[in-house]
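> Following is a predicted model, sequence given first.
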Amino acid sequence: MSLRGSTTLLVLVILGTITLILSTGAVVLDGPTDPITDEVALQPGDNPYTYLDEEGELVVDVSEDNPNLDAGGVNPDAFAAEDALFYVVYDANATAEVWIEHDSKAVTFVARGEPIESGENPLLLTPEDEAVPVGVEVDTRIVDVVPGDRVLDGITVHARPAEPEAITRSGGGAGTDEDDGGEDGDDDDDDSSGPTVTVASPEPTARQVEVYSVAVNDDTEVDLADLRVGDPSIRLDGLSFVREEPGDVEFSVEGSTDAPAGVDPVDRSGVDPLGYYAVAFAEPDQPIESATAEVVVERDRLDEAGVDPANLAAYHETGDGDDWNATDLRVTAETEETVRLAIESDGFSAFALGVRRPALDPVDAEIASESIAPGESVRLDVTLSNVGPAPAEDARVSVRAVDATDDDAADADDPDPAAAERLSVDAEPNGTVTRTLTVELDDPGEYDLVVDGDRVTDPGAVASLAVREPEPEPTDPDSDDGEGAGAGMDAEPGSGTDSGSAPTPGTGPDTGDEPGDGDTEESVSGDGAGDDAETPVESVEPNGFEPEDFAGLAVLVTIVLATLFLVRRAPK
């Protein structure tokens, strides 16, 4: 592609009595143009001052000779402007630079709000720029003119590729469009124009950046205009980098609350990410030697998270989407409203801004007994290790008992209050601490003792504890409740009593087969309703005696009386 070239067109500005009229800004891309190179052309604007002459060259005519004007010229001692005098039409897949040269102090050509009248500050054209309007400002107050004078006779339009070797440098040399008469080109390194940077902002969390003519080993700065890092209170103010090779670079920057697409979140003990940003180049493997990001965080956001600026940290994704390494972060400025940070790295990819916190991991526990009675206390020793990057200071940790038979009990928000005990833990990073507490439970069952807390990385059971069923209370045989030692038990023949009444005589196995003449258990538990009666012995009253029962009783009484008589009459 050859973009180098220039053309001269005639511009007639003759002083008179007319003021320039702003155009509508419309452009017809497929309309006639005045070619400058194969890729760059000029097209008249939608105004009465520009047109193509018979030879196809662009003419700007503000005079009485212009058939489109009723009067001619511009006012003396006045200022006039036209925003879209003509257009630069571009059709190429590379970048180009265009600027205009002339010899009038009263005229300035502008594009995108900036003058484009030197090779040090050209109009940058990209493949996305199909047509860029060029305006003109005429200030006749700064020159001595009278009606009839010409302010400008002609202009020269330059176009060239946006490559470092094509930049015009003082002293001439290869690849320059001008030669100032220098003999040996020793001043080639005196160019101080710097690279050309364009930044597009499609949305608050995204930027599209193009940097042309990057100088080798120089710090290239890009203003990102407060790109949001997800949360509006965290903003990426700018980027700077040092490139080891000259050339052009194009990249995108995106901020987000969550990890960028294709990248796993930061998964490090004791690190809480606040936001992410990612820098992606159009051409990967850029020779970036060093890079710096300027981040601004509002203090309200830090206060909300309970964060001291000294505990902020940055991480740089350096692997296949899941390898995060800490990178340098320093506080560069602080005000009552904001904290400004510098994040330094050896290249660009995905970054995370996070908070360093303590992370306590239960590593050991010892319980004095694994089985206790209800209401009995037991000693528990718990050892915790701080695996986080920040020290633990008065970190609150609790031990609670959960039902070991319930899989969901460990996640319950209502632990047994009798077993919940809070600890205060202080530990340096990589340090351990052992604390002792007492556990006491009232309800029988199988329990897991779980260590939990805001800074505990993996809450889980550290010990098991069984609470036994309570022991039954012993029975008093001398109690006066009328039940005696045999209360509630089946009566043996001849042993049944009823609150001091005479013993019921036993009948032995041959007492008869009539109803009601069965064994003693059936006799005391039944009431004539059959064998299914289960009335306790102590609640059964005798039903009365049959004649046979009286005969037996009489014989028994006679034997007892006779025995007593013989005893009393026996010789001493």
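Nice, thanks for sending it over.
> May I ask you to confirm that residue 247 is in contact with residue 216?
No. Assessed by C-beta atoms under 8 Å, residue 247 is found out of contact with residue 216, at 9.2 Å. From N, CA and C alone the C-beta is placed, and that goes for glycine too.
> Have a look at those two and say which one is more surrounded.
Using other C-beta atoms under 10 Å as the criterion, residue 247 and residue 216 rank with residue 247 on top: 18 against 13.
> Counting by contacts, list what whichever strand or helix holds residue 401 packs against.
Using DSSP states H and E, residue 401 sits within strand 392-403. Counting contacts by 3 or more C-beta pairs under 8 Å, 6 or more residues apart in numbering; DSSP states H and E, strand 392-403 packs against strand 360-367, strand 377-386, strand 421-427, strand 432-440, strand 445-453, strand 460-467.
> Each with direction, which strands does the last one pair with?
Applying DSSP bridges, strand 460-467 is found paired with strand 371-372 (parallel), strand 445-453 (antiparallel).
> of all those strands, which gets the most neighbours per residue?
Among the strands paired with strand 460-467, strand 445-453 has the highest mean neighbour count (mean count of other C-beta atoms under 10 Å), at a mean of 20.
> got the angle for that one vs strand 377-386?
30 degrees (axes from the mean of the first three to the mean of the last three C-alpha atoms, to 10 degrees).
> Please work out which residues outside strand 445-453 touch it.
360, 362, 365, 367, 380, 382, 384, 395-405, 409-410, 415-416, 419, 439, 441, 459-467 (C-beta atoms under 8 Å, 6 or more residues apart in numbering).
> can you map out the helices along this protein?
Assigned by DSSP state H, the helices in the chain fall at 299-305, 520-525, 547-569.
> Lowest average pLDDT across those?
Mean pLDDT is lowest for helix 520-525 among those, at a mean of 35.
> what are the ranges of the strands in the stretch 1-150 of the chain?
For the stretch 1-150 of the chain, the strands defined by DSSP state E, counting those that start in this stretch cover 5-13, 34-35, 40-44, 50-52, 58-62, 79-90, 96-101, 107-111, 114-115, 123-125, 131-139.
> before we move on, back to that, looking at the helices and strands packed on strand 392-403, which is closest to residue 79?
Nearest to residue 79 among the helices and strands packed on strand 392-403 is strand 377-386; the distance by C-beta to C-beta comes to 70.4 Å.
> quick check: mean pLDDT across that closest one?
Strand 377-386 comes out with an average pLDDT of 92.
> Which strands and helices lie in contact with that strand?
Secondary structure elements in contact with strand 377-386, counted by 3+ C-beta pairs under 8 Å, 6+ apart, are strand 360-367, strand 392-403, strand 421-427, strand 432-440, strand 445-453, strand 460-467.
> out of those strands, which comes closest to residue 242?
Closest approach to residue 242 among these (C-beta to C-beta): strand 392-403, 39.6 Å.
> just the angle between that closest one and strand 445-453, please?
Using the same axes, to 10 degrees: strand 392-403 against strand 445-453 is 160 degrees.
> in its sheet, what does strand 392-403 sit against?
By DSSP bridges, strand 392-403 pairs with strand 421-427 (antiparallel), strand 445-453 (antiparallel).
> Export that strand to CSV, keeping only CA atoms.
This file holds the C-alpha atoms of strand 392-403, laid out as CSV (Å, rounded to 0.1, in the frame of the first residue of the first chain):
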residue,chain,number,x,y,z
ALA,A,392,-5.7,-12.2,62.6
GLU,A,393,-6.5,-9.6,65.3
ASP,A,394,-9.4,-10.4,67.6
ALA,A,395,-11.0,-12.7,65.0
ARG,A,396,-14.2,-14.1,66.3
VAL,A,397,-14.5,-17.9,66.2
SER,A,398,-17.2,-20.2,67.5
VAL,A,399,-17.6,-23.9,68.4
ARG,A,400,-21.1,-25.3,68.1
ALA,A,401,-22.7,-28.8,68.4
VAL,A,402,-24.7,-30.2,65.5
ASP,A,403,-26.7,-33.4,65.2
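> got the angle for that strand vs strand 360-367?
50 degrees.
> in strand 392-403, what counts as buried?
Neighbour-count burial for strand 392-403, counted by 16 or more other C-beta atoms under 10 Å, picks out 392, 395, 397-403.
> closest to residue 433 among those residues?
Using C-beta to C-beta, residue 392 is the member of the buried residues of strand 392-403 that lies nearest residue 433, at 8.3 Å.
> Provide a list of residues in contact with the closest one.
Residue 392 touches 358, 360, 386, 425-428, 455, counting by C-beta under 8 Å, 6+ apart.
> now the residues you listed: which count as buried?
Among the contacts of residue 392, the ones that count as buried by 16+ other C-beta under 10 Å are 358, 360, 386, 425, 427, 455.
> hmm, back to that, in a markdown table, list the buried residues of strand 392-403 along with distance to residue 335 and pLDDT.
Shown next, in a markdown table, are those (distance: C-beta to C-beta, whole Å; pLDDT from 0 to 100):
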| residue | distance to residue 335 | pLDDT |
| --- | --- | --- |
| 392 | 30 | 91 |
| 395 | 31 | 89 |
| 397 | 36 | 88 |
| 398 | 39 | 87 |
| 399 | 44 | 88 |
| 400 | 44 | 87 |
| 401 | 50 | 89 |
| 402 | 48 | 89 |
| 403 | 53 | 89 |
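> Among those, list the two that are farthest apart in space.
392 and 403 (29.8 Å).
> Surely residue 367 touches residue 382?
No. Using C-beta under 8 Å, residue 367 is not in contact with residue 382, being 9.6 Å away.
> So which of those two has more stuff around it?
Per other C-beta under 10 Å, whichever of residue 367 and residue 382 has more neighbours is residue 382, with 23 against 17.
> Pull the contacting residues for the more buried one.
Residue 382 neighbours (C-beta under 8 Å, 6+ apart): 362, 364-365, 399, 423, 434-437, 451, 462.
> Not counting residues beside it along the chain, what's closest to it?
residue 365 (5.0 Å; C-beta to C-beta, 6 or more residues apart in numbering).
> Can you report how many residues lie near the one you found?
Residue 365 has 17 nearby residues by other C-beta under 10 Å.
> With the one 5 residues further on instead?
Look at residue 370: counted by other C-beta under 10 Å, it has 10 neighbours.
> Do a quick rundown of the strands in the stretch 201-350 of the chain.
Going by DSSP E, counting those that start in this stretch, the stretch 201-350 of the chain shows strands at 206-214, 219-229, 231-243, 247-256, 271-281, 288-298, 312-317, 324-334, 338-345, 350-356.
> All set now, cheers.
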